[in-house]
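Undergrad: here is my input, please return the structure:
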Amino acid sequence: MEEWRLLDLEYANPCMNLAVEEAILRMVGSGMAPSTLRFWRNVNAVVVGYFQGVLSEVNFEMCKKYGTTIARRMTGGGCVYQDLGNLNYSFFYAEIILWFQKILLKSFELLAKELLGDSTFLV
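TA: This next block holds a predicted model:
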């Protein structure tokens with residue numbers, strides 16, 4: 001049976017919470033940490049998805065009025081408001097991350113071969 005890690009870890013700063021998410025992903029993906037389940041909350045924050053335009057998604061005047069932090073996460077998806085009444089959870093499964101990395105690398109290799117006729121620069 002695979003070993004999992006449970007993290008009940010949160011910070012007052014929403015940007016720090018999102019940075020921890022990225023760090024966990026990188027550590028699990030590199031094999032330096034076991035698969036991980038994390039529970040956390042943000043304090044008064046608007047979190048924007050990676051591919052979204054902040055100017056079209058966020059009401060800056062209201063964020064300023066209420067002291068709301070605006071942060072961007074490293075994953076896609078919609079813009080969400082989070083506060084201490086919202087429990088976030090994330091799970092990072094090593095096998096899926098490693099599988100995805102292999103598939104992504106292979107797709108880049110195939111694309112390079114088609115476009116450039118050679119993928120040796122990817123080694």
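Undergrad: C-alpha from now on. contacts and neighbour counts both.
TA: Will do.
Undergrad: now Asn86: how far from Lys64?
TA: Between Asn86 and Lys64 the distance is 21 Å, computed by CA to CA, to the nearest Å.
Undergrad: wait, I meant Gly76
TA: Distance, Gly76 to Lys64, by CA to CA: 24 Å.
Undergrad: how about Glu2?
TA: 45 Å.
Undergrad: settle it for me: which of those two has more neighbours?
TA: Set side by side, Glu2 and Lys64 show more neighbours around Lys64, with 11 against 6, by other CA atoms under 10 Å.
Undergrad: what helix or strand is the more buried one on?
TA: For Lys64, the element it lies in under DSSP states H and E is helix 60-66.
Undergrad: what lines up beside the next helix or strand after that helix in the sheet?
TA: Beyond helix 60-66 on the C-terminal side, the first helix or strand identified by DSSP H and E is strand 69-72. Using DSSP bridges, the strands paired with strand 69-72 are strand 45-48 (parallel).
Undergrad: let me see the mean pLDDT of the strand it pairs with.
TA: The average pLDDT for strand 45-48 rounds to 96.
Undergrad: quick check: closest non-adjacent residue to the most centrally placed residue in the chain.
TA: Centroid-nearest residue in the chain, with CA atoms, centre = their mean: Met74, separated by 3.9 Å. Sequence neighbours aside, Tyr50 is the residue nearest to Met74 in space, at 5.4 Å (criterion: CA to CA, 6 or more residues apart in numbering).
Undergrad: so that neighbour lies in a helix, does it not?
TA: No - using DSSP: H, G, I helix; E, B strand; the rest coil, the secondary structure at Tyr50 is coil, not a helix.
Undergrad: tell me who's in contact with it.
TA: By CA atoms under 8 Å, 6 or more residues apart in numbering, the contact list for Tyr50 reads Arg72, Arg73, Met74, Thr75, Gly76, Gly77.
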